[in-house]
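Colleague: I would like the atomic coordinates for the input below:
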Amino acid sequence: MKTNLKMKSVFLAFFLLINIVLVQANNNNTVTNSDPEKDKVLIYVLKNILTRGHFVVKDMNDDFSEQVFNSFINGLDPSKRYFTQQDLKEFSKYKYQIDNQLLQDDLSFYKLVYGRFIEKIKNAKSYYGDLLAQPFNFNKNETVDLDFDKVPFAKNDNQLIDYWRKQLKLQTLSRIQEQTDLQEAKLKKDKSFKVKSFKTLEKEARAEVLKNMDELYIRIEELEHEDWFSTFLNSVVGAFDPHTTYMDPNIKERFDQTMSGKIEGIGARLQKKGIYTHVFELVAGGPASKQGELEPGDIILKVAQGDEEPIDIVGMRLDDAIKFIKGPKGTEVQLTVKKKLDGSIKTISIIRDVVQLDETFVKSSIVEKNGKKYGIIDLPSFYIDFSDNNYRDSAKDMEKEIERLKAEGVVGLIIDLRNNGGGSLKTAIEISGLFIDKGPIVQVKYRGENPIVKGDIDPKMQWDGAVVVLVNEFSASASEIFAAAMQDYKRAVILGGNQTYGKGTVQNVLPINQFYPNYKKDLGYLKLTIQKFYRVNGGSTQKEGVYSDIAMPSRLSYMEYGERDLDGALAWDKVDQAKYTQTNSYSNFADVVYNSKNRIANSENFQLINEYAKWLKKNQENTTYSLNYKKFFKENEMKEKEGEKFKSVFDYSSNLNFTSPKYEMSLFKANTDLKDKRVAWHKNLAKDMYISEALNVLSELKLREKSEIVKN
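Modeller: Down below sits the predicted model:
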């Protein structure tokens, strides 16, 4: 916990850098490399695709214009370090004209803002150089607020420079604290260790900040016009919804690059957004997934090989960044990341390994409780290979796994969908069909059309026993379709976070040239929202997700995380209910839910997690930091002390013994790597209090006699 708190303070140093970079990255488009003809063609084609093909009919009017205006300026200058109120006044003449300009393929607004931004970038080099040349006054009582949504644009250049001063001062102060803590640790081990003075630490910290800033600007200068024009285009397409994005040819190429499959690395799919390397997805069972700290949405800032000096990858092209992150099996890589959850900066150590595709597939475990056997099926994604019908997919694998567990006498199943971000709609429908005889599973709606009901037509029910579906805030898309169907049919108890992610839309990636075939240059790609999902009860999973029948506290309980927290996310709505027959599978459903809620409310473990979640939320909301070094150090010391009570927040043991099914055990002699992975997984299951409560629920469920089933 102490390390996390330290990283929270280090975040202050990097946050400035990140925001500077974002601003710079979005603007350092050199006009000399621009292609005016291509830019106009892109605007022409995109506006036609969007207005005709996007799920939402949206007029390009004054409201749309204002949204693009704010998005583009905030995208270029999120930390209010470049533009002044005078600049904004000048830009505002176009605030309600952008829609008209786009309809005429006119880029006047873009050119004005972008050109001004380039000027500001040049000025910024002298700002930070001059400010870091002299010591800061850390005895002065002043603060800086890092919630830039609340911070107004500077009134003039003098105030703008003061914004820079405070943020660079915070970076320097954070580095001083980091080195001070390091010295204290060394002194405890070696009493003869020579401690550096505050003056020396301050000078070294400024030098390090200057070095990073210089490296940052060098990388920004490597960015090309397409990188920056993409920022404007994404402000335009993003006005339709947050999942509709433009990818220029270079970004599409990087987007397609992954660190999954049978390679030596960390097992993470990365994506470039502006100048940042984002974690797009973790390969289930890969080193990063098993280590547990890296999460989708995190931004990788620095990469270090073991104990070597970290390399700043902000502004680096994705293929170059991947080269630093990949490496031989058994070697250590340390990633400095900005956490999506609370914005803190954290160093994560991962031991590279050969990432096995098998770990992305369905796997199961068996546990005995009160003399009965139960099965846990981990479904990491709804995977499928559309190019090869003979290749394994999640529906086929689930059917086989259930059959194997049935042969071993299990009487109940936990389907673990935690962190499952979705995948194939086809397999989500087929897997849902394994638990009902037949009927609709989901409704899919295109723009302006009636919903299409998609369902299971096979009367065979692969599993008619008790089912608990375990979800969390990262369960999304196809996961929500399955969980919603199980809930609407009253076929399973949904247990987990308060609600799932809430992504109820579908996107297609379209090559733009197919809409303008005579144009010879590569126009890139548009990821376009074309459909919306609806439950069989008529409600959308969009924004709302699936609410758990039994909600359990998690570290995300009070955080703003999910589709509902995205600007411009499509609204929740509903369509007519589909015709379906509820199974009403359990005679004591309400009692089981009541008992579980009581256990959770009275559990010291879950009470501590709830307190921890509130503490994380409080820290997330605290965006103001003292720039007086004594107060700064004291505030961080207090946070560390507060955090000590949460050091053991996830310490738990169920004392249950989890084992592999028999068919898998026969593979262990020939595949010791698989055996090691399963042993590690089973140990984690035994320490997982969410699995433990799911087993409590599963063991209490009583199946209703078929004659008692009530039809809807």
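Colleague: Show the secondary-structure elements that the helix or strand harbouring residue 229 is packed against.
Modeller: Using DSSP states H and E, residue 229 sits in helix 225-237. Secondary-structure packing of helix 225-237 (3 or more C-beta pairs under 8 Å, 6 or more residues apart in numbering; DSSP states H and E): helix 2-25, helix 36-53, helix 62-76, helix 108-131, strand 245-247, helix 249-256. Every C-beta, even on glycine, is put in place using the N, C-alpha and C of the backbone.
Colleague: Longest strand in this structure, please.
Modeller: In the chain, with assignment by DSSP state E, the single longest strand is strand 525-534.
Colleague: Just want the angle from it to helix 225-237.
Modeller: Strand 525-534 and helix 225-237 meet at an angle of 30 degrees, taking axes from the mean of the first three to the mean of the last three C-alpha atoms, to 10 degrees as the criterion.
Colleague: Can you list the strands that whatever helix or strand comes next after strand 525-534 pairs with?
Modeller: Next helix or strand after strand 525-534 toward the C-terminus (DSSP H and E): strand 550-551. The strands beside strand 550-551 in its sheet (DSSP bridges) come out as strand 493-496 (parallel).
Colleague: Angles on the backbone of the spatially most central residue of the chain, please.
Modeller: Closest residue to the average C-alpha location of the chain: residue 297 at 2.9 Å, with C-alpha atoms, centre = their mean. Here is the backbone geometry of residue 297 (degrees, to the nearest 10): phi 100, psi -20.
Colleague: Enumerate every residue touching it.
Modeller: The contact partners of residue 297, taken as C-beta atoms under 8 Å, 6 or more residues apart in numbering, are 278, 279, 340, 341.
Colleague: and the second one, what helix or strand is that in?
Modeller: With the criterion set as DSSP H and E, the secondary-structure element containing residue 279 is strand 276-282.
Colleague: how far off helix 62-76 does the helix holding residue 229 point, in degrees?
Modeller: Using the same axes, to 10 degrees: helix 225-237 against helix 62-76 is 140 degrees.
Colleague: Quick one: mean pLDDT for helix 225-237?
Modeller: Across helix 225-237, the average pLDDT comes to 86.
Colleague: rewinding a little: following element in sequence after the strand holding residue 279, please.
Modeller: In N-to-C order, the element after strand 276-282 by DSSP H and E is helix 287-291.
Colleague: Run the chain-centre distance for that next one.
Modeller: Taking the mean of its C-alpha atoms, helix 287-291 sits 15 Å from the chain's own mean (C-alpha atoms, centre = their mean, to the nearest Å).
Colleague: Could you do stretch 40-51 as well?
Modeller: Distance, centroid of stretch 40-51 to centroid of chain: 29 Å (C-alpha atoms, centre = their mean).
Colleague: And for stretch 107-127?
Modeller: That offset, for stretch 107-127, works out to 31 Å (C-alpha atoms, centre = their mean).
Colleague: List the buried residues of it.
Modeller: By neighbour count on 16 or more other C-beta atoms under 10 Å, the buried set for stretch 107-127 is 107, 109, 110, 113, 114, 116, 117, 120, 121, 124, 127.
Colleague: wait, isn't the fourth one in contact with residue 91?
Modeller: Think residue 113. Yes: applying C-beta atoms under 8 Å, one finds residue 113 in contact with residue 91, separated by 5.8 Å.
Colleague: and for those two, which residues touch both?
Modeller: With C-beta under 8 Å, 6+ apart, residue 113 and residue 91 have common neighbours residue 73.
Colleague: Among the buried residues of stretch 107-127, which one lies nearest to residue 517?
Modeller: Comparing those against residue 517 with C-beta to C-beta places residue 107 closest, at 23.6 Å.
Colleague: what sits against the closest one?
Modeller: 36, 39, 40, 43, 101.
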